[in-house]
Structure formats: structure tokens, C-alpha cells
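Student: Structure for the following, please:
(chains A and B)
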Amino acid sequence: MKLFEYEAKTILAKYGIPTPQGGLATSASQAKEVASKLKPPVVIKAQVLVAGRGKAGGILFASSAEEAETAANKLLNVQIKGIPVKSIWIEEKIQIKRELYFGITTDRFNQSYVAIASAAGGMEIEEIAAKTPEKVIKLLINPEYGFRSFHARQMATKMGYAGNQISELGKVLERLYCIGMDYDAELIEMNPLVETVDGKFAAADTRIILDDNALFRHQEYKKRLLEGESELSPQELEAMKNDLAYVKLDGNIGVIGNGAGLVMATLDTIQYYGGKPANFLDVGGGAPSEKTALALKIVLSDPNVRALFINILGGITRCDEVARGILEAKEKVGVTKPMVIRLVGTNEEEGKRILTNAGIHVLESMEEAAQRAVEISKQGDK
Amino acid sequence: MGIVIDKNTRALVQGITGTQGSFHTKLMLEYGTKIVAGITPGKGGTEIHGVPIYDTVEEAQQKSSADASIIFVPAAFAADAALEALENGIKKVVIITEHIPIKDAVGLMAIAKQAKATIVGPNTPGIVTPGECKLGIMPAHIFKSGGVGMVSRSGTLTYEIAAGLTRNNHGQSTCLGLGGDPITGLNFIDTLKMFASDHQTKAVVLIGEIGGNLEELAAKYIADQKYPKPVVAFIAGRSAPSGKRMGHAGAIVTGKTGTAESKIEAFRKAGVSVAEKPNDVSDLLTKLI
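Tutor: So this is what the prediction gives:
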């Protein structure tokens, strides 16, 4: 789950990490009021959960409260990369001497968290690593004793600081680690982390992604994700609430399958035969009829879908149950789009019989089924 | 033979009375797996499918001396269950549970390393050595004993490919699911090492997917070590967009990291045959052995 900049900055401030003075607004007049309490010039930032917000026109500058009002009005009436702007964050523009990077993420190979710092910040860390790999400082965090003050000082030194600045910067790094752990962040970064003209450190921008699997420990954010604003599409949200994994894609073949890897491979196979998947949807194990019905409903709510490809590999799941589930679901949802079903596994014959009797053609091979779905999706193109 | 488990493995089932735990205990017993005890706090003294239940692993161990455990307990308590197994001397732990927080998994793996224990998963279908032992939830009938070692990050995709291998008479030595989470116990390299020294294993099928760089590291290992056995790989997620989690917690392309292209290229460079489609794995294998 991605946090909005204002949420992330509020957490940083709570932990004593200096951030630019600022406030949130949902209207232009409110923006003016927030700006009037700040020292100009100010920065007006669209609160949208997309990368590359600045380049897409989501960040404006103003030298007075009136200008801030105009800028806010402008932002609140545009879409940034297709996302409407519902709130904006107004903050003081800080006087930057140097841009740095600091973040904590996971290291899969070492099964631990890793702290990454760089004396060159402001761009994506991947870009920094590609351009100036020698400037990237990595430290694997031992989960037993965590990221300690001495680690923070070690990194500050490697970032080129000396004297009092070592402890000053160290404190900021250590606090960010504490936030990461307390909030179950899978990624937390300050980019840029800045050294100001007076030699202090502040988080000019920050990004926090919470571990979805840990949201049960962070109910306020879970509530915001499910009930309020989020980066998820309505279909993705509906799927999430019902423990289905759905990802919207831009093709026209709706896909439902069981198991994440199998569904991914199904999308790849469709693509291999020249088709375009409309979505990823994993119904998971068992797949009772209510779940299948919901899956069909979600997939069909995408108007681009021309054909449906249901790929079920019933390992322990019984194919006859799956077949009944598909029929019930088809009835409930009222499916009118052509369906291609591939069904194999336990009680396969019975499952096939049930579907064939209902006039649905069942295929055995995933490749054959994928080719058939691609053909159907292209009908009417000529 | 095969790796991690064999016919002598004595296993506990933690969370044995839950729907999943109970159902799969029955199937594992039918397969011939030695399930020596089950754990469900509060249900000690009873039994299920003829398996005695204890309240704690400590008690179970006094009676059963198990050397492995399979965990079905809910995500919020799964890391705790795994630690309970480790603290009571169990060296092989299979965690079926999905949705375990990263922080919990990181803490657990550090302790497992110290205990020199093997963790399979979390979010894994488990592990099967056909004809000997199954510690997992995979459908038994699609596997048969043979010389192909399989290691994978996915469940049903593994079944898809395993069924294809079995149809074409490529039996399996051991089939092991690493798990679909970002932090797992065993990784590809650990498993490749074990397959390298297993006499029964003649070739390896490696099934990866988008997210992270463990496939790239495995490719490098295969090239650097001049890996002694033929390897065929399949990577799922060529059509996955960046920034979207494809079902598994670990299956996500972040920026330019973790793409299928990067993994496929790494394997090709390392001399590993990469299948275009799941069905092609078996044919590639036939060419190599």
C-alpha cells in the first residue's frame, strides 16, 4: 500500500525528522489559508500516488498566498497521469545545498532489510546506481539488533560528512529506520534527503510503501485503503476486499485462473499467440461458485473484454465442482461474452461433461485454449 | 533419495485441526508420509485421522521425536509457530501459510540461519519426493519418481509443468516450491546446490517469475560453477506491467528490476535453455537428457 506524501511526511515529523513546514488542502481557498501561514516561496504538490508526478505537471511554485491559491485551483482541476487530484500539499520551499538519498528496502537473497544511501539524490535510486554506482552505499541490516546509531554514523561518514554533521545526519537515518520497522514498510525512502544551506538535514520528499500483508497491524491505513482514496481501480479494490488478486491490463481477453504463476503464464501464452490480456485474476484455491461469480463480474466490468479465458488446473480442487461453479456464476452474472474454458485435474471427465451439456466447449490444452481465445478476440477486427 | 525429505522423514503438522491442516494431513497420510503428531493449542489429548494432537511442540517432541514440521496456521501466528518448531530442535520447516508480513519473515529467517535449519516457504505448495514423502498440498497423482529435480516459486504453474513432465515420462526426484513471497527460506541457489549432489537428480527444471533478482543470481551461479547437470528454466510474467503485484507478494516489477526479460537473458547467457511456454519445458528436457 502506497502512502500519500502528506501521510508519509506527517509520520516523519512525528518521529522528529525535519520536513518542510506545510499543510494539506482540498480546495483553493484552503490552500491560500495554508500558504498564508508559511514563509514564501511555497511549493504546491498534487497528492497522487503515481511516479513521475513532477514531470507530469503535478508540482507548482508560488511566491505568495494568492499565487498559491491560483496554483491550487489549477492542480485541483487537472488529472495527473489519468488520476484526478483530490488534495494538495503546500509547503515552504527549502534552500537546498545538496541532495542526498536514503532508503530502506528488502534484500531477498540475504533475507533481510538493507539500508541504501547516496551522496547524489533527487533521481530514482536505480538511476543513481546505474549512473554513479560508486556513490551508492549499502548496508545489510542484521535483524537481531537492527540499524543502530553506529550504523547511521558509519553511513553519514561514507556520505562525506564530518564533525557535528555526522550525528545530525545519523539521527535522521536512524529515525527513518524506526519508522520503517514500526509501520511495516516494504520500502521507505527520503529522496531527496537534503542538506540545507545552513548545514541541517531535512526530508524534502519521502515515499513509504506499507507491506500489504502487515496491514492488519495498521488498521487506520487499511481503512483508508478500503474506504477512502487509494491507487487501486474500483475493480482492484473489489477484488482485494474479496481476497482475489486482480490487475487491470489494457487488452481485450479477460482471464481467470487459479494460482498466481499459472495466471501469469496464461497471460504470457495469450501474448505469445498475438493476443492481448485484459487483466490478471487469480481466484485462488478451491474457487467456490460465489468466488467464481465475483471473478466473472469483476472481469466483465471492463468494457474492453471481448472474450473470456478461464484456465483452471484443478490439482486437489475437483473439476466437477469448478464446472458447477462456472455454470452458477454464468447464470448469476449473465455472461454474454464468448468463453473459452480449459479445465484439467481431479474429476476432469465429470467437469467436462457438465460444461459440455450446458453448451460450453472445454479444452484440455492451455495452448490450444489460448489460441482459441486469441482468435475470438480478433473477430470483428477486419 | 531426492532432497530435504525422504521416506524416513517424521513430520509434525502445526495447525492440524484447521480446514486446510486437517484435509491435507489426510492426503499426506494417504501418500505415505509419516505424520507423527499434530499441534493445536487447546486440543491436546485428542486425535485426528489417527494422529495424536498436542498443545505444544515441546510436548509433541517428547513423544514423537519428529525431524520436520509443516505449518498451516494463519498468517498472524505463522512465524511464531515456525519459531516454536525451531526452538524445539526441528530442522526442516515447511510453511504453507500465505500473507506472512515481511518483517516477521525476516526475523524468522535470521533465527533459522543460526539454528542451521531449512525453511521451505512461506507461501509454498511444499515439497514432494515422489513415492517417498509429501510435505505439502500438491496433488499427488501428477508426480512420479524419476530424475528431474524441480524448483519453483509458484504452485499451480508447477503442477502444470510437472504433469507435462510426467506425461512425457520425465519423472521427478524432488519437487520443491520456494514460495511466492519476497522473503523465503530456501532460494534457487540453495536448491540447485542440493540437486547437484543428489544422485537421483539428472537434470533440473527451474520455474521462476517476475520480482527480485534471485533468478539472475541463480543464472550467475550456474555459469560460475559450471553447474554439473542440465537446467531448463521457465519464467512467468513476460506480460506483467511494472509496479503491479501479480498475485504473489513477491511477483512485482519495480522500475526496471525483476522483469522477465532480465531473468530470461541471464539464463540464456548462462547456457540454460529457457522455455517459451510451460508446455515446452518437457521437450527441451528431452533434448538435453
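Student: From residue A:261, how far out is residue B:203?
Tutor: 21 Å (C-beta to C-beta, to the nearest Å). Where C-beta positions appear, they are placed from N, C-alpha and C, glycine not excepted.
Student: more crowded one of those two?
Tutor: The neighbour comparison of residue B:203 against residue A:261 (other C-beta atoms under 10 Å in any protein chain shown) goes to residue A:261, with 32 against 20.
Student: just checking, that one touches residue B:152?
Tutor: Yes. Counting by C-beta atoms under 8 Å, residue A:261 does reach residue B:152; the two are 7.4 Å apart.
Student: How is chain A partitioned into domains?
Tutor: According to automatic domain parsing, chain A comprises the domains A:21-92, A:96-219, A:234-378.
Student: Let me know which of the ones you listed is tucked in deepest.
Tutor: domain A:234-378 (a mean of 21; mean count of other C-beta atoms under 10 Å in any protein chain shown).
Student: Quick check: bridge partners of the residue positioned nearest the centre of chain B?
Tutor: Nearest to the mean C-alpha position of chain B, by C-alpha atoms, centre = their mean, lies residue B:177 at 2.5 Å. Under DSSP bridges, the beta-bridge partners of residue B:177 are residue B:152.
Student: if I look at it, how far off is residue B:152?
Tutor: Look at residue B:177 and residue B:152: by C-beta to C-beta, they are 6 Å apart.
Student: same thing with residue B:90?
Tutor: From residue B:90 to residue B:152 the distance is 24 Å (C-beta to C-beta).
Student: Please list the residues of the stretch 251-382 of chain A that sit near chain B.
Tutor: Taking C-beta under 8 Å from any C-beta of the partner chain as the contact definition, the stretch 251-382 of chain A meets chain B at A:257-265, A:267-272, A:277, A:280, A:282, A:313, A:315-316, A:344-346, A:365-367.
Student: if we can go back for a sec, what touches both of residue B:177 and residue B:152?
Tutor: When C-beta atoms under 8 Å, 6 or more residues apart in numbering or on different chains defines a contact, the residues bordering residue B:177 and residue B:152 alike are residue B:158.
Student: Measure how far the worst-scoring helix or strand of chain A on mean pLDDT is from the centre of its chain, please.
Tutor: For chain A, using mean pLDDT, DSSP states H and E, the weakest element among its helices and strands is helix A:125-131, scoring a mean of 82. Put simply, helix A:125-131 sits 21 Å off its chain's centre (C-alpha atoms, centre = their mean, to the nearest Å).
Student: That helix close to chain B?
Tutor: Yes. Remark: helix A:125-131 sits within contact range of chain B at residue A:126, by C-beta under 8 Å from any C-beta.
Student: so what secondary structure elements neighbour that helix?
Tutor: Judged by 3 or more C-beta pairs under 8 Å, 6 or more residues apart in numbering or on different chains; DSSP states H and E, helix A:125-131 is in contact with strand A:96-107, strand A:112-118, strand A:136-141.
Student: Quick check: neighbours shared by residue A:261 and residue B:152?
Tutor: Residues touching both residue A:261 and residue B:152 by C-beta under 8 Å, 6+ apart: B:158, B:207.
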